[in-house]
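In: Below is the structure, and that's it, no one-letter string:
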């Protein structure tokens, strides 16, 4: 009986160490090909996230199926009766260990001013002031309001190469946001002159491609695992989340 038990014990140990060796021998490369399934944990979602007016919708992704959510997407229509409904979509790292692939940049905010003068009914002079806040120059004389260091997401295509030493960051990143204008303000200077002011915010610092299948690169900081998320954004706030992959 002791001999049988000893043989059984040795057999179980061999199976255990054999399995452990197989797991330990998984070789993680320092780069992956976007969209490749080899040696990856793959999850399929095929879900379209559609937020409602001032009622955002969220969808969380657990990339490696360890029970902890890693990435959160948000879709919303923000706004008010004054500015209307404005679509917006974002992606967020849910821990410092989960990092999104991109690059460091500076957002430069410009103010563009434009003035027009018309003679309206009853010879009333109407002066129109337009104030446009943008992330790009409309005119060479536009004023620079501020420069803000920021991290930008880099959209990827299938078969592009993602490397462990690329630039990553744990952050909340806007994919697309909408422009909006405030209602015009009227100021009567005197009986024959009126000033009308228009203010528009273009919110064009982020421009994730629309109506295209794209990938977002990710990295787990603690063990340098690389991965990707396949998705598409349309109507600026509707997010089609297709699948994800992360190294085993």
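Out: Looks like it came in fine. Note that this is a predicted model, so its numbers are computed, not measured. Numbers count the residues shown, from 1 in each chain.

In: Nearest spatial neighbour of residue 115, chain-adjacent residues omitted?
Out: Closest residue to residue 115 apart from its sequence neighbours, by CB to CB, 6 or more residues apart in numbering: residue 129 at 5.7 Å. Glycine gets a C-beta too; all of them are placed from N, C-alpha and C.

In: Okay, and the beta partners of the one you found?
Out: residue 115, residue 197 (DSSP bridges).

In: check contacts around it.
Out: 113-115, 195-198 (CB atoms under 8 Å, 6 or more residues apart in numbering).

In: Show the end-to-end separation of stretch 174-194, please.
Out: 39 Å (CA to CA, to the nearest Å).

In: ok, now stretch 64-76?
Out: Start and end residues of stretch 64-76 are separated by 27 Å (CA to CA).

In: which of the residues in it are buried?
Out: 64, 70-76 (16 or more other CB atoms under 10 Å).

In: Let me know the closest of the residues you listed to residue 245.
Out: When the buried residues of stretch 64-76 are compared for distance to residue 245 (CB to CB), residue 64 wins out at 10.1 Å.

In: so the closest one, which of the three states?
Out: coil (DSSP: H, G, I helix; E, B strand; the rest coil).

In: Check the gap between it and residue 57 for me.
Out: 24 Å (CB to CB, to the nearest Å).

In: now swap in residue 237 and tell me
Out: For residue 237 relative to residue 57 (CB to CB), the value is 9 Å.

In: lowest average confidence, helix or strand, in the chain?
Out: Ranked by mean pLDDT, DSSP states H and E, the weakest helix or strand in the chain is helix 2-24, scoring a mean of 42.

In: Can you name the residues that contact residue 155?
Out: 208-209, 214-216.

In: ignore the last one, residue 189
Out: residue 195.

In: same thing with the one 3 residues further on?
Out: Listed by CB under 8 Å, 6+ apart, the contact partners of residue 192 are 123-125.

In: again, 10 Å this time
Out: By CB atoms under 10 Å, 6 or more residues apart in numbering, the contact set of residue 192 is 119, 122-125.

In: ok, now residue 119?
Out: Applying CB under 10 Å, 6+ apart, the residues near residue 119 are 125-126, 192.

In: Appreciated, that's everything.
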